[in-house]
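[1] Please find the sequence and the predicted model below.
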Amino acid sequence: MTSSETEQAHSLEGQLLVAMPGMSDPRFERSVIYLCAHNAEGAMGIVINRLVESLTFPDLLQQLDIDNSNVDETIRVHFGGPVETGRGFVLHSSEYLQDSSLQIRDDVALTATVDILRDMANGQGPQHSLLALGYAGWDAGQLDQEMQANGWLTVTPDPGLIFEPDLDEKWNKAIGKLGFDVSKLSGAAGHA
């Protein structure tokens with residue numbers, strides 16, 4: 001196996017990170033993060049279960065001088081993470097792709113252009129989408145260290161969970177996919 005193949009085999013790209021109950025960082029307490037990239041240089045993901053309370057999609061469009069007269073009011077602006085909070089990202093179903101889109105899995109892509117926001121405003125965007133400001137980022141090896149310290153669990157996602165509108169239940173549903181009782185989880189790291 002080449003080093004690239006080994007890296008790809010150990011990549012968590014396209015997986016969900018689920019914060020352990022004892023997560024000490026309040027920015028990530030009970031967070032569910034979709035990992036868009038994970039390699040030797042670091043990791044990048046979008047928090048999928050938190051909103052930016054002070055900003056609506058029509059407000060965002062107005063700030064960007066995009067017509068918001070026919071906009072879908074059900075589109076919400078999520079807190080994608082604490083890095084570059086002024087930058088927008090759309091995690092979406094992959095039937096919609098632009099040249100600049102990053103296809104993460106067969107069914108999920110990420111696009112960070114104003115064009116996707118215009119298309120969403122006009123009802124021509126992806127079938128399923130999650131608009132986020134900011135992202136969660138880790139330097140080389142940092143995420144792996146946090147996982148070894150029992151900060152995160154990984155869960156294989158499904159589009160229903162990623163794009164589920166009930167944000168309060170995403171953490172519970174993600175933990176539930178693992179098949180065990182969350183009250184039995186410990187935040188203490190152990191070694192066999």
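    Nice, thanks for sending it over. Numbers count the residues shown, from 1 in each chain.
[2] Next one: residue 84 from residue 46, what distance?
    12 Å (C-beta to C-beta, to the nearest Å). Just so you know, the C-beta spots here come from the backbone N, C-alpha and C atoms, and that holds for glycine as well.
[3] next one: residue 150
    Residue 150 sits 22 Å away from residue 46, going by C-beta to C-beta.
[4] re earlier: overlap of the contact sets of residue 84 and residue 46?
    Listed as contacting both residue 84 and residue 46 by C-beta atoms under 8 Å, 6 or more residues apart in numbering are residue 135.
[5] Residue 86 and residue 80 touch, don't they?
    No: when contacts are counted by C-beta atoms under 8 Å, residue 86 is not listed as touching residue 80 (11.1 Å).
[6] between the two, which one's more packed in?
    residue 80 (30 against 6; other C-beta atoms under 10 Å).
[7] quick one: what helix or strand has the closest residue to that one other than its chain neighbours in it?
    Excluding the flanking residues, the one nearest residue 80 by C-beta to C-beta, 6 or more residues apart in numbering is residue 132, at 3.0 Å. According to DSSP states H and E, residue 132 maps onto strand 129-139.
[8] Check which helices and strands that strand is in contact with.
    With contacts defined as 3 or more C-beta pairs under 8 Å, 6 or more residues apart in numbering; DSSP states H and E, strand 129-139 has these neighbours: strand 42-47, strand 76-79, strand 83-93, helix 114-121, helix 159-163.
[9] if we can go back for a sec, any residues in contact with both of residue 86 and residue 80?
    What both residue 86 and residue 80 touch, as defined by C-beta under 8 Å, 6+ apart, is the set 133-134.
[10] on that earlier part again, with neighbour numbers in mind, choose between residue 84 and residue 46.
    Neighbour count, other C-beta under 10 Å: between residue 84 and residue 46, residue 46 has more, with 25 against 14.
[11] Can you name the residues bridging to the more buried one?
    residue 34 (DSSP bridges).
[12] sorry, back to before: just name the most buried of the helices and strands packed on strand 129-139.
    Stretch with highest mean neighbour count among those: strand 42-47 (a mean of 23; mean count of other C-beta atoms under 10 Å).
[13] So what touches it?
    Residues from elsewhere that reach strand 42-47, judged by C-beta under 8 Å, 6+ apart: 12, 17, 28, 31-38, 78-81, 89, 91, 110, 130, 132, 135-140, 142-143.
[14] three-state assignment of the closest residue to residue 102 other than its chain neighbours?
    Computed as C-beta to C-beta, 6+ apart, the closest residue to residue 102 that is not its neighbour in sequence is residue 110, at 4.6 Å. Assigned by DSSP: H, G, I helix; E, B strand; the rest coil, the conformation of residue 110 is strand.
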